[in-house]
Structure formats: structure tokens, C-alpha cells
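Undergrad: Provided below for reference: sequence and predicted model.
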Protein chains: 2
Amino acid sequence: MTKKVGVAILGLGVVGGGTYQTLVEHHDFYLETQQVDISVEMVLDKNLERLKDLGVPQEIIAGSIEEVLANPNVDIVVETIGGIGVAKAFVTAALRDGKTVVTSNKELICKFSHELEKIARRNRCGLYYEASCVGGVPIIRTLLDGVQANKIQSMMGIVNGTTNYILTKMTYEGADYADALKEAQRLGYAEANPTADVDGFDSMYKLSILSSMAFHTKIPYTKIFREGISQIDVKDIAFGRELGYTLKLLAIGKNTDKGIEVRVHPTLIPNAHPLASVNDSFNAVYLTGDAVDDVMLYGRGAGALPTASAVVSDVIYAATHSDVKYSTFKNTATADSAVKFVSDFSSAYYIRVSAEDRAGVLAKISGIFGKYGISIVELAQKGDAVGGKVPLIIITHKTSENSVKRAVEKINAAGVGEVQSVIRVEK
Amino acid sequence: MTKKVGVAILGLGVVGGGTYQTLVEHHDFYLETQQVDISVEMVLDKNLERLKDLGVPQEIIAGSIEEVLANPNVDIVVETIGGIGVAKAFVTAALRDGKTVVTSNKELICKFSHELEKIARRNRCGLYYEASCVGGVPIIRTLLDGVQANKIQSMMGIVNGTTNYILTKMTYEGADYADALKEAQRLGYAEANPTADVDGFDSMYKLSILSSMAFHTKIPYTKIFREGISQIDVKDIAFGRELGYTLKLLAIGKNTDKGIEVRVHPTLIPNAHPLASVNDSFNAVYLTGDAVDDVMLYGRGAGALPTASAVVSDVIYAATHSDVKYSTFKNTATADSAVKFVSDFSSAYYIRVSAEDRAGVLAKISGIFGKYGISIVELAQKGDAVGGKVPLIIITHKTSENSVKRAVEKINAAGVGEVQSVIRVEK
């Protein structure tokens, strides 16, 4: 009854190294519990030093992708190189040779799953990418095989560990953005060039993949509104807390009557919301389906072994299921033209104005909001006047993004103060 | 490419009714997103009134299980009757006829999966039971196909909505147990005879199923230590909160070097633990694996539609996968004799003593703990003396259950006070 499966690993960095280690150390465990005899048949990495550090035996080190694909014992190719250069070429070649591919590469899947899946289908092999989103958390398996009975109405996710670590530092230790980023870099949570994380690109790629699966239609990342955390002032985090809200970088997808709404931006959520207490480098995805109601999956969104858990779970899945389930939508390069996307979305807002400290200013500001049909839930002056200015915090009811933009311009032009922060609020 | 699948539903109560409704309303959605044409071919229920309320057409109402099984259009039988009488007979008959079974019946799976799975394997049909544990939360799919790369080290779950609702009321509204239970009964969260929930039987069945899957070995419910919530004094919940702990009824499974430890009991957990903020009728399971580290799944553990989500997701899974994956352990009637179970488990403890308010009592009590090798983390007198007695709260370090039992007996016999509560603490 035992099935023999050979694996090749391309790229033995953090995730690939963790995958190698997990497969080797758990060989007997998988044999016993899953009736599969999984062996690492080949590895490919230019950096021989790290292969040595991992204790990879010389005889399984391949010299080229051709050597890997020519090996008849390799059934499954694990791609943990990252990026869309060589990784794409290797994955394409593997699928063309009929090898099942397991990848942790979010950018590759986000940008090219339509192309890669087509090759996989044609060659009757699998394409698995649980590890591309939210590390060890089985969110893709859940969307495919756990809550597929539902029309998913919305998803909100904390899907980037770096930014969540930075925001946690800012929230609970009052660190400002620059210091929190430096600490994250020191700990290896953030890259020297942190753009991909802090500007929301990483979250955007993941939202593209997850919302496509959740809403059963291709959602290209180009349709996603994106705003990062680098402009966040720690003052607004503190004021938000006082008003009962926690700031998180959320990836939000909604499937509404008006169309699909997809956006990544800093968001204030009520302190009692389960996502508000997801801290440090932990990630979580909060789904709402029409039958299941609310479901949340929480766990480590990055790291060698947590991500390896997702890679190896995909390897075992591929090894123990004879049929392949591809994405549940028509996987094309672009969005289905019949699907409407909402660009002028609705949200509640937190707005901080550095207002002139004189009579009539408040009336003027609320008048401008009123003029644009924006109703105010809460308006509070925070602290005392400094240099004739006083911080004024406004929380609005749900209103349109465009109305807020216009009101902000008007306030800035009215000589009553300056709008310093505009942060969306989800309830 | 579209596959036609016929379903029969046995028992159209809360979950069966929700399943009927979901399958009928989502027919076109599943056709479009899953390429399966799922039709409800037959239903079986003695209560014709509720079939009428659900709008079931006359022609699909079966008169007997024989009629259901004789229908060649029925591929999958959904059992949502509950209990182990007629449900067991019907499920057995369906599997013998080679029909795949999807069930929400925790007692049936807990007590008889060994027998039913054997019949299923023999007849090459599926046996699915996601809905038996934690309603709509895809915990079984996650254990089978999402985190199967891991050696699961522990699981802690809030797996019963009724008791979690009662404890939430006691914690946040200061209600006493009797009143909170009455309110739960009024809302339909608790049965007139609440024993199955409040005494932990329901949690015990679920822990048996989930820990068997997590630890890849049969864990009969008879091996599970069980203590319910009916003896919980609201005072201890309040004292616990003051010390930084929240009380939950936890189902705990641990796979340690010393053996497997499985228990259901009221437990104090730190307020910052993700399980501490799982409130009302929500459920959650917190897993720790050797690669993935901590993962939590959260959602509605009961209710018509959330549970139907699990049933229907199983139906779709069965319809879209040609091979069946059974439990990942040797499914026998009893535990594997090679597996050791830990009965004298270790835990930290919260102990409340109604102590005599006089000199020397404290020294005496701490002396007794010392004698049994129990070290104290915290000892606090709460409030003033009433009638010469004062409440004394003790939090211990990790120690053995048996040592605590002996120390408690000794204190009660020493004429220095009476131990009124002993609650286990998990950190």
C-alpha cells in the first residue's frame, strides 16, 4: 500500500531549507501516518555553502534544472526560489515535463497562475501553492476543500508578518514607525529594502490569490487598491486605541451586489474584533460565508518551518490524492469582463485635523463634512492647543472614499486647519 | 465535464434542514464553481410537518431507508439524525450498499468509526464527518490535508458552544451558573436536560475524534478525563480575571514523551491567550505542531447553516475527489496497547481556600503544599473576613494532579479552612 514519491527542491534558502529539513526528519513519520515514502531525490542551489550547512549529501546535489528534470525518480518539484525570473522558467519546465509543482512563490502565482495552470492541466500534473499565502496557515486548502459550500461574502486578512510586527511595536510600545522598522530589520523580520512589505505589495499579491479563490473569479493584482504603513503616525494609533480601535494593515476583499472590492491599507478595527488581537508576526484571515458565517484562521505567516509545513503538506496532499483540483475559477491573465470592480468604495473613516484653536472652526469643519453628505459618529478634541493648533479627531459613518477626498481638500483650503491623517475604519 | 451527484438526507432537523436548504439554494452556484450538479434525490424523516415547512417536494420524500438505498440516483447519503440507534443502522446499511456517507454525528463517529470505516473501505465508498466537530470550522479537513506535515504536539479547544455561552455570561455579566444556564435554555442554546453539554460529554466525544486524528492513534472516549462546568462558582471566574486568567471549558490533548494526555475540564488560561477571547457560542481549536508552530481555527461551532456548511463541503469534497482518504490511524475499537496514556497529568492549579482568619493558618497551609512538593506562584487574600473566614487564592506552579488531591485532603483535615475550588490552569 505504501507509495514511493521522489521530491526535488529548487532553492534552499529559508523556506527551501526548512522543507528539506522537514522532509528528511519526518520521513518515517510520513511513512507510518500517510503511507508515503517521500525521499528528497535532488536539490538545486547555486549556494553550495548552505547545502553543506543543511547536511545535504553530495550525490543528490544537481548541477542544473535539466539534470533535475531528467531524473525519473523526481515526481514532485518544490520551487522555493522566489521571484518571477528563474523560478518561472524552472516551474514552467517542470510542468511541461509532467512533474507536479509545489511552490511558496506568491508573486509567481499571483502574476502567472493562469499560464502555469494551463500547462499543468495539459500535462495532467498538479500545481500547489498553499505556502504562497500566510505561511503555515492552511487557508488555501480551506477555501478549496473546507468552506467551498459557501458564497464567501468577505475576507479580511493580516497577511504580512513584517508590517504586523511593526504595527504591534507602535501600538503597545509607542515606538514610532522608523524605530519599529529598524527593530524589525535587526531581528530579520524586515528586509534592508522593506518596500515589498511596508508598502503593501506582499499583501496585495496574497489578496489577489486568496480573493480569486474565495470569489471564484480572477482578481488581478492591478485591480487592488494599495496603501502601505510608512506614513502612519504613532499618534493616530494611540488616539485610535482611546476611541476603541486597533490599527492593522488589512487585505480586504468583499463580494457585494455592487461588485468586487479589493484593497490593502492601514485600517482601524474595533478592539474586540478577533483580528485586533493578532499581534507580532502572527497572521490571520477572517472569512464570512453565507452558510458558515464567520471563520478565522490564525497562525505564523512566515518563517522556515511554518512555511515548510505548508509546502510539505502540499507534497503529501499531491502524493496521497490521485486527482488534482485546480483553482475553482476560469484562470485567465485578466479579469472576467463581466465582473464589476468597485473603485469608489464605502468605508467609515478616522480623520485627524490639526485645527485652528478659535471659535467657529468646529462649525466650519463639520459644515464641510455635512456638505459632502458625510455624517459624523464622534468628534473629539485631543489634548491642548499647541502653537494655536489643536488635534481634532473625527470618526465618520460609512461614506464614499471620493466624498472624503473632496471634503479633505475643502477643509485644507478653508483656512481652518490641516487634515493630517485619513485612515479607513472597518467594523 | 460536469458530474451529476445525487444526495439523500436522513433526518431534517436543525442540521439536516440547513443542509437541504443550502443544497437547494446553492445548486447553480456549485454547478458553476465546482462543476458538480448536486441534486437532493430523497429525504427521510418521520416528521412530515417539518418537511412541509422546508418546502420539500412530495415526490422526493422516502417512506423507508430501503426506499432511499434502492434509489440508483442516490450516490451520497447525509446522516443528520444524531444518536447511535437508528442513525447507526442507517449509516451501516448505506455503506454496505456502497453509498458514500456524510454525517454530523459525533457520538456515532466517536464510538463506532472503527466499525463504519471498515465497512466503507470494504465497499470502496467514503465516510466523511467534518460536521461532527466544531460546526462549520474545517478542523478535520485541516488535520487531514492542511497540517498533516506536522507531528501535532498539543491541541486545546473550546468545542462546545453551550458551555462557552454560559461561561461568557458568567465572566462578563457576573451571572451565576444557574441563571446563565436558564438564559442559554431560553435562547435554545442549551437543552432542557443540559447534561450532554454542561457535563462535558459533547466536548469529550469531539476530543476523542480530533485527538485520534491529530495524534494518529485511536483515542477512545473512555480514556478521556472529564469534568463539567456545573460546579463552577462565579466568584472563581472573577478572582481568576483579577489574576489575569479567563475560565473556559477546554478539551485538551497532548502528545508528550510520557504518553498521551486527554482531558476535558474547566481551565483558567491567560487573558492574552487567543482562546481567552473566544466568546459566546463561538468555538476554536488551537493546535501546536512541530513545524507550523501555533495555528488556531475559529468559528461557529453549531447552528443550522454553519453546520450545514461542513456537511455540504464534505458532499462537494466527495463529489469532486475520486479517491477517498480515511482516517490516518489504525481505526480499531480500542486504543493501541503500545500507546501509553498519562492519567496522573501535570498542570498548574488555582485553589481557593475558605481559611480561618487567624495567625499561623497561612503558614500551615503553605506548609502542606510544600510537603507535597507543590510550589506556589501566587498567594492572595481576597476581600475581608466574613464569619471568621477569609478567601485565600493560591496559584501553583506545574505539579501533579495526585499531589494536589492529597494536599487538598490534608488541608481540609487540618482544621485551618476548607478548599472550595480547584481549577486547572494552562499557560
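TA: Now that the structure is in, tell me what you want to look at. Residues are numbered from 1 along each chain as shown, chains lettered A, B, ... in the order given.

Undergrad: CA atoms for contacts and neighbours, from now on please.
TA: Will do.

Undergrad: list the contacts for the closest residue to A:Val134 other than its chain neighbours?
TA: Among residues not flanking A:Val134 along the chain, A:Gly301 sits closest, at 4.1 Å (C-alpha to C-alpha, 6 or more residues apart in numbering or on different chains). Contacts for A:Gly301 (C-alpha atoms under 8 Å, 6 or more residues apart in numbering or on different chains) come out as A:133-137, A:159-161, A:281-284, A:307.

Undergrad: of those residues, buried ones?
TA: Listed as buried from the contacts of A:Gly301 are A:133-137, A:159-161, A:281-284, A:307; burial here means 16 or more other C-alpha atoms under 10 Å in any protein chain shown.

Undergrad: make a markdown table from those and add pLDDT to it.
TA: Below are the buried ones among the contacts of A:Gly301 laid out as a markdown table (pLDDT from 0 to 100):
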| residue | pLDDT |
| --- | --- |
| A:Cys133 | 97 |
| A:Val134 | 96 |
| A:Gly135 | 94 |
| A:Gly136 | 95 |
| A:Val137 | 98 |
| A:Val159 | 98 |
| A:Asn160 | 97 |
| A:Gly161 | 95 |
| A:Ser281 | 91 |
| A:Phe282 | 96 |
| A:Asn283 | 98 |
| A:Ala284 | 98 |
| A:Thr307 | 97 |
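
Undergrad: and which of those is nearest chain B?
TA: Nearest to chain B, judged by C-alpha to the nearest C-alpha, of the buried ones among the contacts of A:Gly301 is A:Gly136 at 5.3 Å.

Undergrad: need the contact list for the closest one.
TA: Applying C-alpha under 8 Å, 6+ apart, the residues near A:Gly136 are A:Gly299, A:Arg300, A:Gly301, A:Ala302, A:Pro306, A:Thr307, A:Ala308, A:Ser309, A:Ala310, B:Val147, B:Val292, B:Val295.

Undergrad: just A:Glu426 next, same as before
TA: Counting by C-alpha under 8 Å, 6+ apart, A:Glu426 touches A:Thr267, A:Leu268, A:Ile269, A:Pro270, A:Ser347, A:Ala348.

Undergrad: what of A:Tyr286?
TA: By C-alpha under 8 Å, 6+ apart, the residues touching A:Tyr286 are A:Met155, A:Met156, A:Gly157, A:Leu275, A:Asp294, A:Val295, A:Met296, A:Leu297.

Undergrad: for A:Gln153, see how far away it is.
TA: A:Tyr286 sits at a distance of 11 Å from A:Gln153 (criterion: C-alpha to C-alpha, to the nearest Å).

Undergrad: up against chain B, what does the stretch 101-250 of chain A have?
TA: A:Gly136, A:Val137, A:Pro138, A:Arg141, A:Thr142, A:Asp145, A:Gly146, A:Val147, A:Gln148, A:Ala149, A:Asn150, A:His216 (C-alpha under 8 Å from any C-alpha of the partner chain).

Undergrad: in the helix or strand bottoming out on mean pLDDT in chain A, what counts as buried?
TA: The least trusted helix or strand in chain A, going by mean pLDDT, DSSP states H and E, turns out to be strand A:376-381, with a mean of 92. Using 16+ other C-alpha under 10 Å as the burial criterion, the residues of strand A:376-381 that qualify are A:Ile376, A:Leu379, A:Gln381.

Undergrad: pretty sure the last one sits against A:Leu392.
TA: This points to A:Gln381. Yes: assessed by C-alpha atoms under 8 Å, A:Gln381 is found in contact with A:Leu392 at 4.5 Å.

Undergrad: now the common contact residues for the two.
TA: What both A:Gln381 and A:Leu392 touch, as defined by C-alpha under 8 Å, 6+ apart, is an empty set.

Undergrad: thinking again about what came up before, max pairwise distance over the contacts of A:Glu426: which two?
TA: Largest separation among the contacts of A:Glu426 by C-alpha to C-alpha: A:Pro270 and A:Ser347, giving 13.9 Å.

Undergrad: excluding chain neighbours, what is closest to the residue of the stretch 301-427 of chain A at minimum distance from chain B?
TA: Nearest residue of the stretch 301-427 of chain A to chain B, counting by C-alpha to the nearest C-alpha: A:Pro306, 3.8 Å away. Take A:Pro306 and drop its neighbours on the chain: the residue closest to it by C-alpha to C-alpha, 6+ apart is B:Val292, 3.8 Å away.

Undergrad: wait, that neighbour sits on A:Leu305?
TA: Yes: assessed by C-alpha under 8 Å, B:Val292 is found in contact with A:Leu305 at 6.1 Å.

Undergrad: how about the strands in the stretch 151-300 of chain A?
TA: Taking DSSP state E, counting those that start in this stretch as the criterion, the stretch 151-300 of chain A contains strands spanning A:152-158, A:225-226, A:245-256, A:259-270, A:282-289, A:293-300.

Undergrad: state the distance from the residue with the largest distance to the centre of chain A to A:Val416.
TA: Distance from the C-alpha centroid of chain A peaks at A:Ala359, with 45.9 Å (C-alpha atoms, centre = their mean). Applying C-alpha to C-alpha, the value for A:Ala359 to A:Val416 is 10 Å.

Undergrad: same question for A:Arg124.
TA: 66 Å.

Undergrad: ditto for A:Asn283
TA: 41 Å.

Undergrad: circling back: looking at the buried residues of strand A:376-381, which one is closest to B:Phe112?
TA: Nearest member of the buried residues of strand A:376-381 to B:Phe112, counting by C-alpha to C-alpha, is A:Ile376, at 58.9 Å.

Undergrad: that closest one contacts A:His397, doesn't it?
TA: Yes: assessed by C-alpha under 8 Å, A:Ile376 is found in contact with A:His397 at 5.9 Å.

Undergrad: what strands flank the least confident helix or strand of chain A, and is each parallel or antiparallel?
TA: Taking DSSP bridges as the criterion, strand A:376-381 forms sheet pairs with strand A:389-396 (antiparallel).

Undergrad: pull the residues that contact the partner strand.
TA: Outside strand A:389-396, the residues touching it (C-alpha under 8 Å, 6+ apart) are A:348-357, A:374-385, A:417.

Undergrad: how about the residue nearest to A:Pro306, what does it touch?
TA: Counted by C-alpha under 8 Å, 6+ apart, B:Val292 has contacts A:Gly136, A:Val137, A:Gly299, A:Arg300, A:Leu305, A:Pro306, A:Thr307, A:Ala308, A:Ser309, A:Ala310, B:Val147, B:Asn150.
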